[in-house]
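> Need coordinates for the below:
(4 chains)
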Number of protein chains: 2
Amino acid sequence: MLMPRKPAYDRDALIAKARDIFWRQGWAGTSLKDLERELKLKPGSFYAAFGSKDALYALTLESYANEGVARIKALAEKLGPKEALKAQPRLVIEAVENPTKACMLAKTFAELQAKDHDLADQAARHMTEMKACFAELFRSAQETGEIRADHDPDRLAARYQSDILGLRLSAERKDVDALEIAADIASDIDRL
Amino acid sequence: MLMPRKPAYDRDALIAKARDIFWRQGWAGTSLKDLERELKLKPGSFYAAFGSKDALYALTLESYANEGVARIKALAEKLGPKEALKAQPRLVIEAVENPTKACMLAKTFAELQAKDHDLADQAARHMTEMKACFAELFRSAQETGEIRADHDPDRLAARYQSDILGLRLSAERKDVDALEIAADIASDIDRL
DNA sequence: TATATACTTGAGTGATCGCTCAAGAAACCC
DNA sequence: GGGTTTCTTGAGCGATCACTCAAGTATATA
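Below is the predicted model of the structure:
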């Protein structure tokens, strides 16, 4: 007895579009008007589809984090763990398809942590996830002997992630040559 | 013929107080209500004293940057350039008087750059200023022979500042041992 | 003490915020 | 095509935004 009607939009495409807007403009910096205009959705459709601005933001964080993990894992598959870690800094600041260089998780965390917003926790969890991913790469690079075994892979991962966050923020600046920094981060890995 | 009346508040103290609020909560995250409550100023007095929210924010950025430059220069005076650069990472994440660990200039820049807001430019200029300050320390450490002369001090400064930005953001996370990262940044300087 | 001047107060401005909902349009099964 | 259900539309909700201003108060000089 069901007689439905399909939505006129592609939900995943809308989430990807919203991700780019939130990524660039932040949480408070993006209004419902912005989203309605860019997603071509009237308020009613928007709320029927996503429930709330925060709920959509959560979906975009999820999407962002999943793609990030997938990208680094694919890179490791292709280049091996050490070379993937070395290549990542340069790739991440050269990705022209990104709406901005800085990390969306870091931006979200920095903006909303003081408010104890749920989205800050969620961003933090995704960053922990990424850090674990980096640690695994350091660990397997140690197993293959590419990196000396007397380093703590978790510590290496924390430092590496911190460097990447700084790099990606620096890459937004006009007075900084982010490629030099990326190269220096990569060459640090050779010294391990 | 002038018959004035002094304000009941200490303007510099108010700016310092506002700085801490903006630093923690960001630009969009701080409402006039927040400021009026914390500064104990009614709207009329607020606008008579500072003109606008943005004008006050600009004053707080100025205050923040001036104190930052003064602190690093005092540290260099006391410890010498190399030891100052090595000490700074730890000191900056251990400063308990700060409302938050992350750098206010970086947070401002990240939040407002996409909007082409004047405050983003101003924050960027202050970061450039800080970078030049770091470069000068690297340069003088090279002159004393503490750091090898075959490094580009401007490049070292850009990398160092990028590392500090990442460190300070990392220091806000519960799952990261920022002291370890600070120690690793310091030991990197010994290898130069 | 009288008066001029600056500061303080708080109600209130129009604009925008995230969001709701009733009504109309469109697509499905029978 | 008829009937049912979902999707789409857009006016409009109360709350909050940054900000204004006229009236009241306090403090200086004369």
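
> so where's chain A uncertain?
For chain A, applying pLDDT under 70 flags the ranges A:1-5.

> Relative to DNA strand D, which residue of it is the closest?
A:G44 (2.0 Å; CB to the nearest atom of the strand). Backbone N, C-alpha and C define where each C-beta goes, glycine included.

> Please enumerate the helices of chain A.
Remark: helices assigned in chain A by DSSP state H are A:11-25, A:32-39, A:43-50, A:53-79, A:81-94, A:104-112, A:118-143, A:153-170, A:178-190.

> so can I have a markdown table of those showing mean neighbour count and distance to chain B?
Shown next, in a markdown table, are the helices of chain A (neighbours: other CB atoms under 10 Å in any protein chain shown; distance: least, CB to the nearest CB, whole Å):
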| stretch | mean neighbour count | distance to chain B |
| --- | --- | --- |
| helix A:11-25 | 18 | 5 |
| helix A:32-39 | 15 | 11 |
| helix A:43-50 | 15 | 21 |
| helix A:53-79 | 16 | 14 |
| helix A:81-94 | 20 | 11 |
| helix A:104-112 | 25 | 6 |
| helix A:118-143 | 19 | 5 |
| helix A:153-170 | 24 | 3 |
| helix A:178-190 | 18 | 5 |
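
> can you tell me which of those helices comes nearest to B:K17?
Among the helices of chain A, helix A:104-112 comes nearest to B:K17, with 21.3 Å by CB to CB.

> which outside residues touch stretch A:146-163?
Stretch A:146-163 has contacts (CB atoms under 8 Å, 6 or more residues apart in numbering or on different chains) with A:80-82, A:85, A:89, A:127, A:130-132, A:134-139, A:141-142, A:185, A:188-189, A:192, B:162-163, B:166-167, B:169-170, B:176-177, B:180-181, B:184.

> Mind doing that once more with 6 Å?
Identification of contacts with stretch A:146-163 by CB atoms under 6 Å, 6 or more residues apart in numbering or on different chains yields A:82, A:131, A:134-135, A:138-139, A:141-142, A:185, A:192, B:166-167, B:170, B:176, B:180-181, B:184.

> now that stretch, how far from the centre of its chain.
Relative to its chain's centre, stretch A:146-163 lies at 20 Å (CA atoms, centre = their mean, to the nearest Å).

> What of stretch A:101-108?
Stretch A:101-108 sits 6 Å away from the centroid of its parent chain (CA atoms, centre = their mean).

> Ok, stretch A:45-54 next?
Centre-to-centre, stretch A:45-54 and its host chain are 23 Å apart (CA atoms, centre = their mean).

> Need the CA coordinates for it. CSV is fine.
This file holds the C-alpha atoms of stretch A:45-54, laid out as CSV (Å, rounded to 0.1, in the frame of the first residue of the first chain):
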residue,chain,number,x,y,z
SER,A,45,13.1,20.2,2.6
PHE,A,46,16.2,20.9,4.5
TYR,A,47,14.7,19.9,7.8
ALA,A,48,12.9,17.0,6.4
ALA,A,49,16.2,15.7,5.0
PHE,A,50,18.7,16.4,7.8
GLY,A,51,16.8,17.4,10.9
SER,A,52,19.0,20.3,11.9
LYS,A,53,22.0,22.3,11.1
ASP,A,54,24.0,20.4,13.7
